[in-house]
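give me a 3D structure for the following:
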Amino acid sequence: MVTHKASRTCTTTARFDFVDITDDVQAAVAETGIATGRATVFSPTDTCPIVVNERESGLLKDIRRAVDRVVENGDRPPTSIGSKSVVLPVVEGRLRLGTWQRLLLFELGDPQEHPIIVQVIGE
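Coordinates of the predicted model:
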């Protein structure tokens, strides 16, 4: 069993921005040479969870509107959307996602550059 760690950065451009990080994470997985295993993707920034879902514009707008309504009521953006980390299978050297699934970073705070940590374990 081999373990590799990679770091990437992602820049958000607006509050409630979704940034697709799938290709960056896939590149990190490919660089490891691991064919079978698992990849853990971690966002250490409190205001930037990871969401695994379709990158469908209507769905993303609905999520933004829901968060916006919470914020309008004087509440902070919900940190329970998404997760700080996700674990995905690596099969034949690639992330195993559903047909339309993507890894999305969701900016809940001010736009900025965010670190992403990818750890791949396998053979």
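
quick one, strands of the chain?
2-11, 18-20, 36-42, 50-54, 85-91, 94-95, 101-106, 113-122 (DSSP state E).

what's the longest helix in the chain?
Longest helix of the chain, by residue count under DSSP state H: helix 57-72.

tell me the buried residues in that helix?
Buried residues in helix 57-72, counted by 16 or more other C-beta atoms under 10 Å: 60, 63-64, 67. All C-beta spots, glycine's among them, are computed from the backbone N, C-alpha and C.

picking that back up, Ala30: which of the strands of the chain is closest?
Checking these against Ala30 by C-beta to C-beta gives strand 94-95 as the closest, at 7.6 Å.

which neighbouring elements make contact with the closest one?
Packing partners of strand 94-95 (3 or more C-beta pairs under 8 Å, 6 or more residues apart in numbering; DSSP states H and E): helix 22-32.

the same query, at a cut-off of 10 Å, please.
helix 22-32, strand 36-42, strand 85-91 (3 or more C-beta pairs under 10 Å, 6 or more residues apart in numbering; DSSP states H and E).

return the set of buried residues in the first one.
The neighbour-count criterion (16+ other C-beta under 10 Å) identifies 22, 24-26, 28-29, 32 as the buried residues of helix 22-32.
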